[in-house]
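**Student:** Pasting the sequence and the predicted model now:
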Amino acid sequence: MAILTLRNIHLAFGMASLLDGVSLSLEPGERVAIAGRNGEGKSTLLKILNGELQPDSGEITRQDGLTTAYLTQELPPGIEGTIFDVVAEGLGEAGRLLERFHHLSLDAANGDMAALEKMGPVQTQLDAIDGWSLQNRVENTLSRLSLDPEARFAALSGGLKRRVWLARELVQQPQLLLLDEPTNHLDVAAIRWLEEFLVGSQLTVVFISHDRRFMEKVATRILELDRGQVYEHPPSIEAFRERQAERLETESRHQAEFDRKLAQEETWVRQGIKARRTRNEGRVRALQALRQKRAERRERGGQVRMQLSPEQRSGRRVIEAEGASFGYDGQPVVRDVNLLLQRGDALGIIGPNGAGKTTLLRGLLGQIEPLEGTVKLGTKLEIAYFDQTRAKLDEQATVQDAVGEGRDRVTVNGEDRHVLSYLGDFLFPPARARQPVSALSGGERNRLLLAKLFLKPANLLVLDEPTNDLDVETLELLEQLLIEYRGTSIVVSHDRSFLDNVATSTLVMPGDGTVEEFVGGWSDLPGRVTRRLLEGSAEVAAASAASAPRGAPAAEPEPAPAAPSPVRKLSYKEARELEALPGRIEALEAENTELAAALADPDTLRDGARVRELQGRLKEVENELARAYGRWEALEST
């Protein structure tokens, strides 16, 4: 039985209709991805599901007692207190009582007798509302999400703050979880954790995401929002794109036939006096209906047209680093970097939040001097830098002025064009181009930054998290542009599919200050490297540091590694195990592929029990594969 149903929902802001007769139902335990272009109303749809926005018309049916949690794109500013405080406040007034009792008990444990006296009245209030079960709920939620209750929220990284806010929502024990771009600003370890958490949670989840691999791992179906209508697809990006292309092709044929018929009728009605005397009034009314239908047609916006201005060729050597270390105040953040970047290379950089990726970029571009070693920049370099913090956008300026900088015309590929025409290539119609930057969505801001960036002739592109908030279509076009780009590019990203499609080599920064280069993208990294990135994150260290009491002594440096033990020969049993492992891994990978194909089959998706069974087995196979690879590596290195 559906826990929430929308029937014929309509919603418009001004003349623009965002939702035009949308109907959908959510079944218990399913995970639905909402896809669509930026500005189509995906976040608006989530707000309607959450009950904070009412549609103009239509019917919404909710299961009795349905509780909903909603994680928005942007967290509220100015949040203070410990993680326990922030999560407990999700319970309202009862949470604030728990928060007060928690701090009084800590003070009392440290010998504060006044705090001990104050605990009595608070304890009485908690007894009256069964507050102890609520306290257990908070503590269990913190444990489940691996959060330190005494860490200061303000000191956490962006990824950990989102995890804390998720805990704040989950402590309410929702039946429906709504997530708006949950992977933004998360590193690969946090994204993997979120994937596993959502798949194993048994919650009904509706989420918006640009991360294609995340969508395929988590979703049980994809809903595409296009011009106010919803279209259902299986949880496969490839199948989604194929069905979308088929639908748009069919729509184009029908519209062409409609336009041909309308043109014929317009010709007939204008044939002159003789035709007017003999014309059929019913046919005239039919023509008027055709005109009305054509006027109401919502055209699909064109595709983003991105192209880079022709660049002056740089020297063959773009950046060369030898034994370089970068940091601040004499303290290295990144150590012993060795890199030779040549013209035409596409370098990907991946690592957990806090690993020093931005510091590395600044060092390689010559913005900070190396603490050790050398960095040499090539000749004739023209650098264009995409800033993930959006610092280069003036919130008060109009979209037109942000790109044209007060000029009406810009130069694109040596051609003089009006700035409004150029912005049209990035899907900003004239009315939108005259609005302030502050009115733009996250995806539109990213498109605006790309429009601004691509005006500058450059032979070295540096893109820091360019995929955040971009819809799938724009993301794929950006990938194609980078693949065809004749210059050199450096891309920092946690989007594994994006790195696979773009990078010719990848720098891995595991978070301990080291840097290692590998040929290819994410899928080409050795198993030991991907496991390290997926299992560990610098955010864990940040949380531990944030929770340490003030004035606590610094951690002792790690002892030097012990001398290697003598090489041990494999036993007979281990040798036989090593021989059998490749075959076992091959069989598991084949089963993994079969399960993924079965989950992408539309017939399978109609059977909820079968889907859950396949998903459970898929998770088991993935865990067995990880163990088999780990064992193989251990035996190989013996």
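**Tutor:** That came in fine, so what should we check first? Residues are numbered from 1 along each chain as shown.

**Student:** For residue 394, give me the pLDDT.
**Tutor:** Reading off the per-residue confidence, residue 394 sits at a pLDDT of 77.

**Student:** Verify the stated contact: it with residue 402.
**Tutor:** Yes. Using CB atoms under 8 Å as the test, residue 394 is close enough to residue 402 to be in contact (6.3 Å). C-betas here are computed from N, CA, C, even on glycine.

**Student:** Pull up the overlap in contacts between those two.
**Tutor:** Taking CB atoms under 8 Å, 6 or more residues apart in numbering as the criterion, residue 394 and residue 402 both touch residue 437.

**Student:** More neighbours: which of the two?
**Tutor:** Set residue 394 next to residue 402 and count neighbours by other CB atoms under 10 Å: residue 402 wins out with 24 against 12.

**Student:** Can you list the helices and strands that the longest helix belonging to the chain packs against?
**Tutor:** When the chain is scanned for its longest helix (criterion: DSSP state H), the result is helix 237-269. Counting contacts by 3 or more CB pairs under 8 Å, 6 or more residues apart in numbering; DSSP states H and E, helix 237-269 is packed against helix 212-218, strand 221-226, strand 229-233, helix 281-296.

**Student:** Would you tell me which of those gets closest to residue 425?
**Tutor:** Shortest distance between residue 425 and the helices and strands packed on helix 237-269, using CB to CB, is found for strand 221-226: 20.5 Å.

**Student:** Each with direction, which strands does the closest one pair with?
**Tutor:** With DSSP bridges as the test, strand 221-226 is paired with strand 31-35 (parallel), strand 229-233 (antiparallel).

**Student:** show me where the stretch 501-638 of the chain has strands.
**Tutor:** 505-508, 516-519 (DSSP state E, counting those that start in this stretch).

**Student:** unless I'm mixing things up, residue 191 is touching residue 494, no?
**Tutor:** Yes. In terms of CB under 8 Å, residue 191 counts as a neighbour of residue 494; the distance is 6.4 Å.

**Student:** When those two are compared, which one has more neighbours?
**Tutor:** When neighbours are counted by other CB under 10 Å, residue 494 comes out ahead of the other of residue 191 and residue 494, with 28 against 22.

**Student:** Look up how far residue 530 lies from the more buried one.
**Tutor:** 13 Å (CB to CB, to the nearest Å).

**Student:** swap in residue 215?
**Tutor:** The span separating residue 215 from residue 530 equals 19 Å under the rule CB to CB.

**Student:** These two: who's more crowded?
**Tutor:** The residue with the greater number of neighbours, taking residue 215 and residue 530 and applying other CB under 10 Å, is residue 215; the counts read 24 against 20.

**Student:** mind checking pLDDT for residue 365?
**Tutor:** For residue 365, the model assigns a pLDDT of 90.

**Student:** do the same with residue 488
**Tutor:** Each residue has a pLDDT score; the one for residue 488 is 90.

**Student:** go on, the one 4 residues further on?
**Tutor:** Confidence at residue 492, expressed as pLDDT, is 90.

**Student:** surely residue 162 meets residue 75?
**Tutor:** Yes. Because the distance of 6.9 Å satisfies CB under 8 Å, residue 162 is recorded as touching residue 75.

**Student:** Looking at these two, which is more packed in?
**Tutor:** Under the criterion of other CB under 10 Å, the comparison of residue 162 against residue 75 puts residue 162 first, with 24 against 14.

**Student:** So which helix or strand of this protein has the lowest pLDDT on average?
**Tutor:** helix 538-547 (a mean of 40; mean pLDDT, DSSP states H and E).

**Student:** Which stretches in the stretch 51-200 of the chain count as strands?
**Tutor:** Defined through DSSP E, counting those that start in this stretch, the strands belonging to the stretch 51-200 of the chain, from first to last, are 57-62, 68-71, 176-180.

**Student:** thinking again about what came up before, so what sits against both of residue 191 and residue 494?
**Tutor:** Contact criterion CB under 8 Å, 6+ apart; residues bridging residue 191 and residue 494 by contacting each: residue 183.

**Student:** Show me what residue 416 is bridged to.
**Tutor:** When bridges are called by DSSP bridges, residue 416 pairs up with residue 411.

**Student:** Where does the prediction get shaky in the stretch 101-250 of the chain?
**Tutor:** For the stretch 101-250 of the chain, residues meeting the criterion pLDDT under 70 lie at 157, 159.

**Student:** so where do the helices sit in it?
**Tutor:** 113-128, 131-144, 158-170, 188-200, 212-218, 237-269 (DSSP state H, counting those that start in this stretch).

**Student:** For these, give me TSV that also has distance to residue 447.
**Tutor:** As requested, the helices of the stretch 101-250 of the chain are exported to TSV (distance: least, CB to CB, whole Å):
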stretch	distance to residue 447
helix 113-128	51
helix 131-144	37
helix 158-170	22
helix 188-200	23
helix 212-218	18
helix 237-269	20
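
**Student:** Thought residue 213 was touching residue 497, still the case?
**Tutor:** Yes. Counting by CB under 8 Å, residue 213 is a contact partner of residue 497 at 5.0 Å.

**Student:** Need the residues that contact stretch 581-591.
**Tutor:** Against stretch 581-591 from outside (CB under 8 Å, 6+ apart): 621, 624, 625, 628, 629, 631, 632, 635.

**Student:** Mind doing that once more with 6 Å?
**Tutor:** Under the criterion CB atoms under 6 Å, 6 or more residues apart in numbering, residues 621, 624, 625, 628, 632 lie in contact with stretch 581-591.

**Student:** Put together TSV for these, with pLDDT on each row.
**Tutor:** Output for the contacts of stretch 581-591, formatted as TSV (pLDDT from 0 to 100):
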residue	pLDDT
621	81
624	82
625	75
628	77
632	71
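
**Student:** Which of these are buried? Put it as a PyMOL command.
**Tutor:** Of the contacts of stretch 581-591, the buried ones go into a single PyMOL selection, burial set by 16 or more other CB atoms under 10 Å:
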select buried, resi 621+624+625+628+632
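
**Student:** Need the per-residue pLDDT for the residue lying closest to residue 402 once chain neighbours are set aside.
**Tutor:** In this structure, residue 402 finds its nearest non-sequential neighbour in residue 437, 5.6 Å apart by CB to CB, 6 or more residues apart in numbering. The model reports residue 437 with a pLDDT of 84.

**Student:** do you know how far the residue lying closest to residue 195 once chain neighbours are set aside is from residue 194?
**Tutor:** The shortest distance from residue 195 to any non-neighbouring residue, by CB to CB, 6+ apart, is to residue 217 (4.7 Å). Between residue 217 and residue 194 the distance, using CB to CB, works out to 10 Å.

**Student:** ditto for residue 461
**Tutor:** Looking at residue 461 against residue 194, where the rule is CB to CB, the gap reads 29 Å.

**Student:** same thing with residue 351?
**Tutor:** For residue 351, the distance to residue 194 (CB to CB) stands at 18 Å.

**Student:** again with residue 473
**Tutor:** From residue 473 over to residue 194 the distance is 24 Å, taken as CB to CB.

**Student:** Compare the two and say which is more crowded by neighbours.
**Tutor:** Shown here are residue 473 and residue 194; by other CB under 10 Å, residue 194 has more neighbours (24 against 17).
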